[in-house]
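Participant: Provided below are the primary sequence and the corresponding predicted coordinates.
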Amino acid sequence: MTHEDICTLEQSKELHRLGFDWHCHRLYNTFDVLIGEASPFYSNEGFYNMPLAPTLAQATKWLRDVKGIHITADIYYPKWRERDYTNPKYLYSITLISSGELVKCDVVRGIYYKSYEEALSKGIDRALEILKEEK
């Protein structure tokens, strides 16, 4: 697992504020440094109130199962016949499960990312913004 597979500090803090309390193997310490390579931490308060650092997969599953927001990251080829398999682009979309509404985030704006993880992370950012707007 690499650092790009882990939620950012800002995402982790916002997930914590929204009630994320799932088991994580990492957390951010009081200096905002990612720690805890192999030690499990369970409390939604983190460890001494340090935010848990979920993986992108944990965050997307929690957002889907608990908050009803489904995030999809996918590969994008602008022209079907002119695919560049050596340099793929990625995008994300969000579906609000309760209403079935597709929030066409970066798909409509034509913004693409260099990696699947980057697209998924941006999708998590947008989902967290949507949850902030609801309150």
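Facilitator: Perfect, thanks for sending it.

Participant: Beyond the lowest-mean-pLDDT helix or strand in the chain, next helix or strand please.
Facilitator: In the chain, the helix or strand scored least confidently by mean pLDDT, DSSP states H and E is helix 105-109, which has a mean of 62. Following the chain from helix 105-109 toward its C-terminal end, the next helix or strand by DSSP states H and E is helix 116-134.

Participant: Flag every buried residue along that next one.
Facilitator: Judged by neighbour count (16 or more other C-beta atoms under 10 Å), helix 116-134 contains these buried residues: 116-128, 130-131. For glycine as for every other residue, the C-beta is placed from the backbone atoms N, C-alpha and C.

Participant: Repeat that for stretch 7-26.
Facilitator: Neighbour-count burial for stretch 7-26, counted by 16+ other C-beta under 10 Å, picks out 7-8, 11-16, 20, 24-26.

Participant: Now the two most distant members of the residues you listed.
Facilitator: Of all pairs drawn from those, the one with the longest distance (C-beta to C-beta) is E14 and H25, at 19.7 Å.

Participant: which non-adjacent residue is nearest I71?
Facilitator: In space, not counting the residues next to it along the chain, I71 is nearest to G123; the distance is 4.0 Å by C-beta to C-beta, 6 or more residues apart in numbering.

Participant: Nothing else from me, thank you.
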